[in-house]
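*Asks:* show me the folded form of this:
(one chain, ligands or ions: 3)
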Amino acid sequence: MELIKDLPDRLLFAVPKKGRLHTSCLSLLEGADIQFHRKNRLDIALVKNLPIALVFLPAGDIAKFVGEGNVDLGITGQDMVAEADAQDKVTEILELGFGKCRLCVQVPVKNGAASVEDLVGKRIATSFEGIAGSFFSQIDTKANNGKKTELVFVSGSVEAACALGLADGIVDLVESGETMQAAGLHDIETILSSQAVLIASKKPKHPELVQTIAGRIRGVIAAQKYVYINYNVERKHLKEASTITPGRQAPTVSPLENPEWVAVSSMVLKNNVAQTMDDLEAIGARDILLFAIQNCRV
Ligand SMILES: Nc1ncnc2c1ncn2[C@@H]1O[C@H](COP(=O)(O)OP(=O)(O)OP(=O)(O)O)[C@@H](O)[C@H]1O
Ligand SMILES: O=P(O)(O)OC[C@H]1O[C@H](OP(=O)(O)OP(=O)(O)O)[C@H](O)[C@@H]1O
Ligand SMILES: [Mg+2]
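*Replies:* Ligands and ions are numbered 1, 2, ... in the order given. Reported below is the predicted structural model:
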């Protein structure tokens with residue numbers, strides 16, 4: 001009760017209460033120094049060091065709450081935003097780099113349809129009724145043979161539907177493809193690609209705090225993407241070095257006691273860093289050091 005009384009003054013931030021996005025969201029909140037204690041079974045937690053309350057909701061409902069302005073901020077999948085038909089009702093602030101997957105039309109490998117056009121008039125099992133519905137209504141219209149594809153709603157374990165005789169194809173998420181393959185299915189079309197996103201209400205009640213949190217989370221994401229590199233190189237190779245490590249604005253160049261040499265430091269993308277170090281070595285750079293970035297604002 002004490003808790004509910006406190007809510008009106010706080011920014012409400014919706015976070016998936018379980019499932020695929022939950023753990024990554026918690027580490028993002030930790031990285032952004034959003035401190036809270038969640039009581040057992042309680043879906044609301046007051047943040048200790050900011051006027052925020054976290055609301056733990058099913059990922060599938062978060063776009064709706066943000067879109068209607070019930071909460072100012074939320075984290076969910078882009079697929080969920082599309083399924084809630086909320087793309088125009090929310091502002092997508094930031095892609096978060098986790099929860100990456102594709103929403104695909106899948107059919108049995110053995111004797112399944114060869115294309116989505118072959119599924120016209122047949123049955124499709126899915127938990128994405130909105131997206132699959134508009135996708136197949138377009139396919140039906142194009143086919144123009146009077147047949148309508150039938151959607152069968154299932155809330156989970158969608159891949160089982162074909163083997164159980166419930167459907168001729170499914171629309172569901174694929175990440176590694178393991179679940180799809182294990183069920184004897186393969187994908188014949190990708191409807192959309194998705195990842196987790198930070199979304200905000202179009203009319204937030206606490207616009208300044210939205211910016212503060214967005215800035216913090218942006219910093220955590222950037223820190224995960226970049227590393228900091230430091231090396232010495234002969235001044236005559238500085239131009240090539242600057243091309244290899246251009247940094248976000250420009251590399252920092254510091255003089256050394258030996259005037260023919262300079263020290264260079266720069267932020268570089270983590271996913272390409274081995275190649276970057278190879279390229280630096282190839283132009284004679286020495287003492288190449290790599291540092292993790294704990295947090296940043298860029
Ligand atoms: N295998 C996956 N790999 C990556 N991201 C995924 C995967 N499955 C789902 N997601 C992402 O996570 C979001 C939430 O999915 P999740 O499976 O946690 O919820 P759910 O299926 O509604 O509930 P639950 O599976 O807990 O009953 C999806 O909308 C999608 O954006
Ligand atoms: O390509 P993969 O890496 O195998 O991942 C895809 C699976 O992950 C999700 O299911 P989840 O585990 O959430 O189970 P659910 O069917 O109960 O939602 C999704 O619905 C797929 O079934
Ligand atoms: Mg799931």
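
*Asks:* could you find the closest non-adjacent residue to the residue in the stretch 101-250 of the chain that ligand 1 sits nearest to?
*Replies:* Across the stretch 101-250 of the chain, the shortest distance to ligand 1 (C-beta to the nearest ligand atom) belongs to E175, at 3.3 Å. Placement of C-beta: from N, CA and C, glycine included. Closest residue to E175 apart from its sequence neighbours, by C-beta to C-beta, 6 or more residues apart in numbering: C101 at 4.4 Å.

*Asks:* surely that neighbour meets Q78?
*Replies:* No. C101 is beyond contact range of Q78, at 9.7 Å (criterion: C-beta atoms under 8 Å).

*Asks:* look at those two and report which has more neighbours.
*Replies:* More crowded of C101 and Q78, by other C-beta atoms under 10 Å: Q78, with 22 against 19.

*Asks:* contacting residues around the residue nearest to R297 when sequence neighbours are not counted?
*Replies:* Excluding the flanking residues, the one nearest R297 by C-beta to C-beta, 6+ apart is G219, at 4.9 Å. Contacts were defined as C-beta atoms under 8 Å, 6 or more residues apart in numbering; by that measure G219 touches 32, 295-298.

*Asks:* let's check: the centremost residue of this structure is which one?
*Replies:* Nearest to the mean C-alpha position of the chain, by C-alpha atoms, centre = their mean, lies A196 at 2.5 Å.

*Asks:* test my guess that that one contacts I75.
*Replies:* Yes. With contact defined as C-beta under 8 Å, A196 reaches I75; the gap is 6.0 Å.

*Asks:* rewinding a little: looking at the contacts of G219, spot the one nearest Y231.
*Replies:* Closest to Y231 out of the contacts of G219 is C296 (19.7 Å), distances taken as C-beta to C-beta.

*Asks:* distance of the closest one from ligand 1?
*Replies:* Remark: distance between C296 and ligand 1 (C-beta to the nearest ligand atom, to the nearest Å) = 26 Å.

*Asks:* can you check R297 too?
*Replies:* In terms of C-beta to the nearest ligand atom, R297 sits 27 Å off from ligand 1.

*Asks:* let me see the backbone angles for that residue.
*Replies:* phi -130, psi 120 (degrees, to the nearest 10).
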